[in-house]
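Asker: Take a look and give me a structure for this.
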Amino acid sequence: MQQGYDYIGNAVTTFCHDGNGRCLLGLRSDKCRDEHGRWDPIGSGGIEVGDTIEDTVHREVKEECGSEVVAMEFLGHREVFREQNGTKTHWIQFDFKVQVNPDQVRIMEPEKCLALEWYTLDALPEPMHSQFPTFLEKYKDKLI
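Answerer: So this is what the prediction gives:
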């Protein structure tokens, strides 16, 4: 059975920032599950059995960009309904704003991430992951 497909998946989405107005985005490779060649928030992923939501934030950020979490703030949650390769998916996303240490940031999963770049909210790259604009709209008053 597969999370998100056969039953509702639970995951975290992290909006990593440097504390100085820049956010960290990753460019998805063709080895990712979907949305190849699109920019999205780095440090997001499924919650594993036995891990708390906060444990997942720490693990995913470290695994994907190499930084320890400096600070984190819970933003809210979203229910995400999508279709991937003709199959409907359903996820509950727990969304966080996470400060990372820019000196520790590096590509940790080169097979999945083609680039890591810092951006300001007024100069975000295209194309974005399909769910990122919804995230930005929902939390625009809480980001950076």
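Asker: residue boundaries of the helices in the chain?
Answerer: Here the chain has its helices, by DSSP state H, at 53-65, 132-139.
Asker: for the first one, which positions count as buried?
Answerer: Using 16 or more other C-beta atoms under 10 Å as the burial criterion, the residues of helix 53-65 that qualify are 56-62, 64-65. C-beta: built from backbone N, CA, C; applies to glycine.
Asker: So for that helix, mean pLDDT?
Answerer: Average pLDDT, helix 53-65: 97.
Asker: thinking again about what came up before, put together TSV for the buried residues of helix 53-65, with distance to residue 93 on each row.
Answerer: Listed next are those as TSV, based on distance: C-beta to C-beta, whole Å:
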residue	distance to residue 93
56	11
57	12
58	17
59	16
60	12
61	15
62	19
64	16
65	19
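Asker: Can you name the two of those that sit furthest apart?
Answerer: The most widely separated members of these, counting by C-beta to C-beta, are 56 and 65 (14.6 Å).
Asker: hang on, the earlier thing: wait, which of the helices of the chain is closest to residue 15?
Answerer: helix 132-139 (7.3 Å).
Asker: for the closest one, the distance to its chain's centre please.
Answerer: Distance of helix 132-139 from its chain centroid, counting by C-alpha atoms, centre = their mean, to the nearest Å, is 12 Å.
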